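*Asks:* Return atomic coordinates for the entry below.
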Amino acid sequence: ITRKTLTMSDGSTCLYQPFTRISNGGYDIEAEDLTPGQNVVVTTLLSSAPWDPVVAEVEAKPLDQTGEPRLRISARTLNGVLIVQGLTDADRVYLYRQDGSRERILITAGRFSAAFKSLANEKKLQAVALQTASGRLKGIELDIGAYAGQAAPESFSDISGHWAQSYIVDLTSRGILHGYGDGTFRPDQILNRTEMVAIFARWQNLSALAEPDTDIFQDYWQIPWWGRSAVSSAWEAGLITGSPDRYFWPSRPVTRAELEIIMARVRNVDSIDLFPGESKQPNLPVNRAQLASILAKQQ
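*Replies:* Numbers count the residues shown, from 1 in each chain. Next comes the predicted model:
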């Protein structure tokens, strides 16, 4: 078993192991979250020779008791994904889940937004903001809410009389297409690569991965939080590969050629013509209405 060392202010050392609990204010943290000069209480289990004493717990005490870090946080679910967003002046935020797991959330300029797989019957979370410079922390227990449902497909304010209206209504009623929070569908808006993959993931009923591989693309963290699970699942299923240098380009418009490639992979054929009767224009971008029409006509 690998042991690691904590060095005390008097020069003595404390060997801890992977199972050693390191905590601050009752919350589990990492050894790297400890602050130089911070007081700790070390609990050691003694045993008879030839066995060495075992460090069971290292409990840290905050250096500065003048106040707590600022933390505003919300947690909501959408389509099997837990979305956590908020603000803080701390430099680390941890999330403690119903199954006993702990997630560390990346903070950028005081803001954070992260997505995780929802757990069955998970109703509450604990979140902890930690300022490593002072050892101060703030813990919050929060309820998990749900995103408000989108408008009914028939009520989208911008599809009445549109040539793709029936396709949009059909696919939206089946949960394959989504509208926007302002009640619009925006049928003539050009699709980007993240939107296309998310739609295909719902169309193919791809399951969210319990532990998605965040190293599949060099720009994985540039993918919007709502699309990361779909992109990981589509990559795992072989529907997407990205560029040779491992970039996904999440905001790039989808071309006809790219749409035909992913559809060919779904149908397990070498090639497919999704625009019959038209001249080949592989680099022409695809809009939301066109994709609705194509998917609705697939058997």
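
*Asks:* relative to its centroid, which residue of this structure is most remote?
*Replies:* Ala49 (48.1 Å; C-alpha atoms, centre = their mean).

*Asks:* That one: what's it in contact with?
*Replies:* With contact set as C-beta atoms under 8 Å, 6 or more residues apart in numbering, Ala49 has no partners. Every residue, glycine included, has its C-beta placed from N, CA and C.

*Asks:* again, but for Gly67
*Replies:* Gly67 sits next to Arg136 when contact means C-beta under 8 Å, 6+ apart.

*Asks:* tell me which element it falls in.
*Replies:* Gly67 belongs to no helix or strand when assigned by DSSP states H and E.

*Asks:* In this protein, where is pLDDT below threshold?
*Replies:* 1-3, 63-66, 79, 147-154, 210-211, 299 (pLDDT under 70).

*Asks:* 50 instead, please
*Replies:* For the chain, the stretches with pLDDT under 50 are 1.

*Asks:* Wasn't the residue farthest from the centre of the chain part of a helix?
*Replies:* No - read with DSSP: H, G, I helix; E, B strand; the rest coil, Ala49 is coil and lies in no helix.

*Asks:* Distance check, it against Ala56.
*Replies:* Ala49 is 19 Å from Ala56, where distance means C-beta to C-beta, to the nearest Å.

*Asks:* Which residue is the nearest non-sequential neighbour of Gly145?
*Replies:* Nearest residue to Gly145, sequence neighbours excluded (C-beta to C-beta, 6 or more residues apart in numbering): Arg76, at 4.7 Å.

*Asks:* And for whichever helix or strand the one you found is part of, what's in contact with it?
*Replies:* Using DSSP H and E, Arg76 sits within strand 71-78. Contact with strand 71-78 is made by 82-88, 90, 93, 118, 125, 127, 129, 138, 140, 142-147, 226, as judged by C-beta under 8 Å, 6+ apart.

*Asks:* ditto for stretch 21-30
*Replies:* Identification of contacts with stretch 21-30 by C-beta under 8 Å, 6+ apart yields 16, 31, 33-34, 56-62, 94, 96, 102, 126, 128, 130, 135, 137, 139.

*Asks:* What's the separation between Ala164 and Asp170?
*Replies:* Taking C-beta to C-beta, one finds Ala164 at 10 Å from Asp170.

*Asks:* mind listing what Glu59 touches?
*Replies:* Contacts of Glu59 by C-beta under 8 Å, 6+ apart are Ser23, Asn24, Val40, Val41, Val42, Thr43.

*Asks:* okay, now the third one: neighbour count?
*Replies:* Neighbouring residues of Val40 were enumerated by other C-beta atoms under 10 Å; the total is 17.

*Asks:* Could you number the chain from 53 rather than 1 from now on?
*Replies:* OK, 53 is where the count begins now, so the last one is Val92.

*Asks:* show me what contacts it?
*Replies:* Leu58, Leu86, Val110, Glu111, Ala112, Lys113.

*Asks:* what about burial for the residues you listed, which qualify?
*Replies:* With neighbours counted using 16 or more other C-beta atoms under 10 Å, those contain these buried positions: Leu58, Leu86, Val110, Ala112.

*Asks:* does the third one count as helix, strand or coil?
*Replies:* Using three-state DSSP, the three-state assignment for Val110 comes out as strand.

*Asks:* Quick one: residues contacting it.
*Replies:* 58, 66, 68, 72-75, 83, 86, 92-95.

*Asks:* Drop anything exposed from these.
*Replies:* Buried by 16+ other C-beta under 10 Å: Leu58, Tyr68, Thr72, Ile74, Leu86, Val92, out of the contacts of Val110.

*Asks:* Tell me which helix or strand the residue nearest to Tyr148 when sequence neighbours are not counted sits in.
*Replies:* Nearest non-adjacent residue to Tyr148, counting by C-beta to C-beta, 6+ apart: Gln178, 4.0 Å away. Element membership for Gln178 (DSSP H and E) is strand 176-183.

*Asks:* Thanks again, I'm all set now.
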